[in-house]
Every structure is written in C-alpha cells, then in structure tokens.
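Kindly return the folded structure for what I paste below:
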Amino acid sequence: MKKGLFTVTENTPLTATVYRLRLAGDASAVTAPGQFVNIALPGLYLRRPISVCDADGGELTLIYKTVGRGTLAMAAMAPGQTLDVLTGLGNGFDIALAGDSPLLLGGGIGAAPLYLLARRLRAAGKAVTAVLGFNTGDEVFYADEFRSLGCDVTVTTADGSFGTPGFVTDALPEGYSFYYACGPGPMLRAVYDRAAGDGQLSFEARMGCGFGACMGCTRQTASGPKRVCKDGPVFRKGEILWDA
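Just a heads-up that it's a prediction; the model follows:
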C-alpha cells in the first residue's frame, strides 16, 4: 500500500452513469490486476474504494459508476484537481493460473478491472475470451477496448437490446482453461454454480478502511474468516462459501 497525491487528467462519461477517471501520479504500488485504490474526497469521512481499470508507472485509469454521494462528487471533478489516494490495495487476480485460453466474465462495472487483466494476459500470449454483461445496450462500455487488445468479446444484455440476450452465464463458451469473474453478488453466485472448471472471483463489499484494520468487510471462507479488502477482493473458487 502506498499513499500519494494524484492529479486528475481526464474525467469522461462513458455512459449516462459510468465515468473514466485518469490520474497522474505514482502508480507503482499497483502490481496485479484486480487491486483497488481508496480515494479521499473533500467533505466525506470515508474513502471510496474503486477498482483499477489500468495502470502504468505514472498513470491510473479508474472506471466508476455514480451510485451515491462519493461517486457523484467524483463525477464533478475537473482536470488539474488533486486527490489523496491509497494505491496497491487488495490481492488481485493470479495470471499464473490462466492456462492457455482463459475466460473473463464481467458484469456491469465489474468489467472494468478485467481490462488490465486482459492486457496482461494478452501480453503473455494467452488467447483471451471476454464475456461482458450489462442490463441494457445503453450501459455497454469498453467492449471495443477489449477487442483492441485482441480478445474474443461477447456482450450480453439482460433486456436483449444489444448483443446476446441474457446474462454472462447464458454465453459461457466451451474449452476455456480457467475463468476470472468480477461483478455483483448474484452474478458471481451464478458463475460459481454454472461455470465449469476452476476460477477466481472478485467480490464487492462495504469497506470502512480498505486495508484490513476495521474488519468490517469480513466474509467466511473454507479456510476461515477473510477480509475482502485485505485477503481479497479476489478469491479462488474453492475458498468461497455462500450464505444459505
């Protein structure tokens, strides 16, 4: 974990409620796709955790959805504004598990952290398939960016207004070597139940601190209680226990 000041260089709407925020600063603490940052916002007590979409040594790309006071405040940020950011939080996806033909499953804003994962996997020569699920065609984002990496991309929409009708689990391909999933809880449960083989799943949780001190995001796993922010947000399929 590293604390630093970042400067907003871009804050662009991708859909009516989804924004891409680019920040200039020391991003060296982000070492794995699936990690997140925690942003301090003026006038708000708790930092806001946001998954990392992309990172290099001097820039972070974050994609967020406006759902509450914090993200609405973020949507009003302008280039040149500085932010206090904790970077390199959480344990991300393990690329070493991918095999030759990994499958990426993203639901809504959960597609965002899969972009860095896809970029790293493609750089390692993997044949990547991505299935990205959204509620409607108006909510689709970054499908073309995944394709530009050389991924085989399928888009699903719950209302059938774009791409394949249904959910990501309705478009599961055959023959993948390992899967990586990120999205809302019901989607992850469906993936866990229906996707063949082994995988890693990235969970969302309400986080008080973001680095494991408050224990507020603890969930039970097969090896005992784990903190989503510190021990996750990514968990191996075999670790996961679901509430009845």
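
Can you give the domain ranges for the protein?
Annotated domains of the chain cover 2-89, 95-202 [automatic domain parsing].

Of these, flag the one that's most buried.
Among the domains of the chain, domain 95-202 has the highest mean neighbour count (mean count of other C-beta atoms under 10 Å), at a mean of 19. To be clear about C-beta, it is placed using only N, CA and C from the backbone, and glycine gets the same treatment.

coming back round to it: how about the domains of the chain, which one is nearest residue 238?
Nearest to residue 238 among those is domain 95-202; the distance by C-beta to C-beta comes to 7.5 Å.

Endpoint to endpoint, that closest one covers what distance?
Domain 95-202 has an end-to-end distance of 14 Å (C-alpha to C-alpha, to the nearest Å).

What's the mean pLDDT across it?
Taken as a whole, domain 95-202 has a mean pLDDT of 97.

Quick check: can you name the pairing partners of the top strand by length along the chain and their directions?
Looking across the chain with DSSP state E, the single longest strand is strand 2-13. As defined by DSSP bridges, the strand partners of strand 2-13 come to strand 18-24 (antiparallel), strand 82-89 (antiparallel).

Phi, psi for residue 180 please.
In terms of degrees, to the nearest 10, the main-chain angles of residue 180 are phi -130, psi 130.

Specify the beta-bridge partners of it.
Here residue 180, judged by DSSP bridges, has bridge partners residue 104, residue 200.

Please report how far it lies from residue 189.
According to C-beta to C-beta, to the nearest Å, residue 180 and residue 189 sit 16 Å apart.

Next: residue 176.
Residue 176 is 19 Å from residue 189, by C-beta to C-beta.

distance of residue 11 from residue 18?
Distance, residue 11 to residue 18, by C-beta to C-beta: 12 Å.

Switch the domains of the chain over to JSON lines; also include distance to residue 231.
As requested, those are exported to JSON lines (distance: least, C-beta to C-beta, whole Å):
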{"stretch": "domain 2-89", "distance to residue 231": "12"}
{"stretch": "domain 95-202", "distance to residue 231": "12"}
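
Identify whichever of the ones you listed lies nearest to residue 219.
When the domains of the chain are compared by C-beta to C-beta, domain 95-202 sits nearest residue 219, at 10.6 Å.

Can you give the distance of the closest one from its chain's centre?
From the chain centre to the centre of domain 95-202 is a distance of 11 Å (C-alpha atoms, centre = their mean, to the nearest Å).

same deal with stretch 80-90?
16 Å.

what do you get for stretch 71-89?
The chain centre lies 17 Å from the centre of stretch 71-89; the measure is C-alpha atoms, centre = their mean.

What distance separates the opening and closing residues of that stretch?
19 Å.

do the same with stretch 120-139
Its start and end residues considered, stretch 120-139 measures 25 Å (C-alpha to C-alpha).

Repeat that for stretch 151-164.
Stretch 151-164: ends 17 Å apart by C-alpha to C-alpha.

contacts for that stretch?
Stretch 151-164 is contacted from outside by 104, 118, 122, 127-140, 143, 146-147, 165-168, 170-171, 173, using C-beta atoms under 8 Å, 6 or more residues apart in numbering.
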